[in-house]
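Visitor: model this:
(one chain, ligands or ions: 1)
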Amino acid sequence: IAAGETIIRGSHEIDEVRDFALAAAAGLASHPRKLESRFLYDARGSRLFDLITQQPEYYLTRIETDLLATHAAKIRALTGPATLVELGSGNSIKTEHLLKAWLAHESLVGYVAVDVSESALREASRGISAAHPGVRVIGINSDYKSSFPLLSALSPVLALFLGSSIGNFSPSETTSFLQGVSTALTPGDFFLVGIDLVKEKSVIEAAYNDAAGVTQEFTRNLFVRMNRELGSGIDLSAVHHEAVYNPVKEQVEIQARFTRQQTIRIEPLNERFTLSSGEAIQTEISRKFNVDRFVSLAGRLDLAVEEVFTDQQNWFALVLLRR
Ligand code: AVJ
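Guide: You can find the predicted model right below:
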């Protein structure tokens, strides 16, 4: 661990495999069958997701990074000297634009990075501390919810939830997430959230079906992880990635379809599930938003819109909210 860098290990690490086993068994028993998307981000999954963000079809990261680069100074002007707290920080690359804008005003900047992936967190923390000695990085290796109680002690805060990660939540999960953030923040604190916007189906579907097949491998990796950690015994060659945009629900529905009958074992619980040929397991939803509706939802939860930054095509938005 480099100077200026601290990693705090969350309690979820204590029995990660059991947590995975219980969640997988519950999801496989449900109708339709599903697996929680948070399990996609083991070390290999995090690396594959980084690769997804570099695919030409995956416009989200490129646009959001441009928006951050363009508007970082404006964001700093609006928020003042707040501690940056990033929920689901991943590789932290986009956040560097904000850190630079912060460092233009003060020589010591606090950056709290929260991520479930220990490997991603360690790499990102090390990289940021090495590149920016003025940044004090505290990495919290846990899911974002465990960091909520810390927020009041860190105020003034600019909380960050980038990359349209919020799109993985169902509508009710979105409301409770925003409610949780709102309650955890102190009046006057800020929240910057990246949302992918509703657009043409073909553009969206291309982003989730990249020609190089990285997204397919990302989906399949969940089953690689199940085989390794849960002894599932899945035939990986029978797993096919599907991502279809549902314009009624305004969400991409990502699933793994099995081309052969499978018995999926959950060894830690001594359970097994048999799927027939052609059955699918949902691994993710990725919701697409309308700015006005998102802003009015946030407003109902005491998060007032301060500024909305969008690209020329209106494909992606960064929404700055104030508690
Ligand atoms: C990290 C949830 C924002 O939904 O676009 C990308 C995940 N899955 N390609 C997204 C993802 C397949 C991504 N989020």
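
Visitor: On the three-state scheme, Gly163 is what?
Guide: State at Gly163, reduced to three classes by DSSP: H, G, I helix; E, B strand; the rest coil: coil.

Visitor: What separation is there between it and Leu108?
Guide: Using C-beta to C-beta, to the nearest Å, Gly163 is found at 27 Å from Leu108. C-beta here means a position set from N, CA and C on the backbone, and glycine is covered the same way.

Visitor: More neighbours: which of those two?
Guide: Gly163 (23 against 11; other C-beta atoms under 10 Å).

Visitor: How about the residues of the stretch 201-323 of the chain by the ligand?
Guide: Residues of the stretch 201-323 of the chain that fall close to the ligand, judged by C-beta under 6 Å from any ligand atom: 208, 215, 218, 284, 286.

Visitor: Output stretch 229-245 as CSV, restricted to C-alpha atoms.
Guide: Provided in CSV are the C-alpha atoms of stretch 229-245 (Å, rounded to 0.1, in the frame of the first residue of the first chain):
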residue,chain,number,x,y,z
GLU,A,229,-16.7,-21.0,-6.2
LEU,A,230,-19.9,-23.0,-6.0
GLY,A,231,-18.9,-26.2,-7.8
SER,A,232,-21.7,-25.7,-10.2
GLY,A,233,-20.4,-28.0,-13.0
ILE,A,234,-21.9,-25.9,-15.8
ASP,A,235,-21.0,-26.7,-19.4
LEU,A,236,-19.7,-23.3,-20.4
SER,A,237,-20.0,-24.1,-24.1
ALA,A,238,-23.8,-24.3,-23.6
VAL,A,239,-24.0,-20.7,-22.2
HIS,A,240,-25.1,-18.0,-24.8
HIS,A,241,-25.2,-14.3,-24.0
GLU,A,242,-28.4,-12.4,-25.1
ALA,A,243,-29.0,-8.7,-24.7
VAL,A,244,-32.3,-7.3,-26.0
TYR,A,245,-33.7,-3.8,-25.5
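
Visitor: Tell me the buried residues in it?
Guide: 229-230, 232, 234, 238-239, 241-243, 245 (16 or more other C-beta atoms under 10 Å).

Visitor: What of stretch 75-92?
Guide: Residues of stretch 75-92 classed as buried by neighbour count (16+ other C-beta under 10 Å): 75-76, 78-79, 82-92.

Visitor: ditto for stretch 298-311
Guide: By neighbour count on 16+ other C-beta under 10 Å, the buried set for stretch 298-311 is 298, 301, 303, 305, 309-311.

Visitor: for whatever residue of the stretch 201-323 of the chain ends up closest to the ligand, what are its contacts?
Guide: Residue nearest to the ligand within the stretch 201-323 of the chain (C-beta to the nearest ligand atom): Ser286, separated by 3.2 Å. Neighbour list for Ser286: 164, 167-168, 196, 208, 251-252, 254 [criterion: C-beta atoms under 8 Å, 6 or more residues apart in numbering].

Visitor: so Asp189 makes contact with Val181?
Guide: No - assessed by C-beta atoms under 8 Å, Asp189 is found out of contact with Val181, at 9.4 Å.

Visitor: shared neighbours, those two?
Guide: Listed as contacting both Asp189 and Val181 by C-beta under 8 Å, 6+ apart are Ala159.

Visitor: circling back: need the buried ones from the contacts of Ser286 selected in ChimeraX.
Guide: Only the buried entries of these go into this ChimeraX selection, using 16+ other C-beta under 10 Å:
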select :164,167,168,196,208,251,252,254
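
Visitor: Make JSON lines from the contacts of Ser286 and add secondary structure and pLDDT to it.
Guide: Below are the contacts of Ser286 laid out as JSON lines (DSSP: H, G, I helix; E, B strand; the rest coil; pLDDT from 0 to 100):
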{"residue": "Ser164", "secondary structure": "coil", "pLDDT": "97"}
{"residue": "Gly167", "secondary structure": "helix", "pLDDT": "98"}
{"residue": "Asn168", "secondary structure": "helix", "pLDDT": "96"}
{"residue": "Asp196", "secondary structure": "strand", "pLDDT": "98"}
{"residue": "Tyr208", "secondary structure": "coil", "pLDDT": "98"}
{"residue": "Gln251", "secondary structure": "strand", "pLDDT": "98"}
{"residue": "Val252", "secondary structure": "strand", "pLDDT": "98"}
{"residue": "Ile254", "secondary structure": "strand", "pLDDT": "98"}
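
Visitor: closest to His31 among the contacts of Ser286?
Guide: Taking C-beta to C-beta as the measure, His31 sits nearest to Ile254 out of the contacts of Ser286, at 17.7 Å.

Visitor: now the strands for the stretch 151-300 of the chain?
Guide: Using DSSP state E, counting those that start in this stretch, the strands found in the stretch 151-300 of the chain span residues 157-161, 190-196, 239-246, 251-258, 262-266, 271-275, 280-287.

Visitor: Arg322 is nearest to which of those?
Guide: Across these, Arg322 has its closest neighbour in strand 190-196 (5.5 Å, C-beta to C-beta).

Visitor: For the residues of the stretch 201-323 of the chain next to the ligand, work out which two are farthest apart.
Guide: The span of these, defined through C-beta to C-beta, is set by Phe218 and Ser286 at 12.1 Å.

Visitor: Inside strands: which ones of the buried residues of stretch 298-311?
Guide: Among the buried residues of stretch 298-311, the members falling in strands are 305, 309-310 (criterion: DSSP state E).
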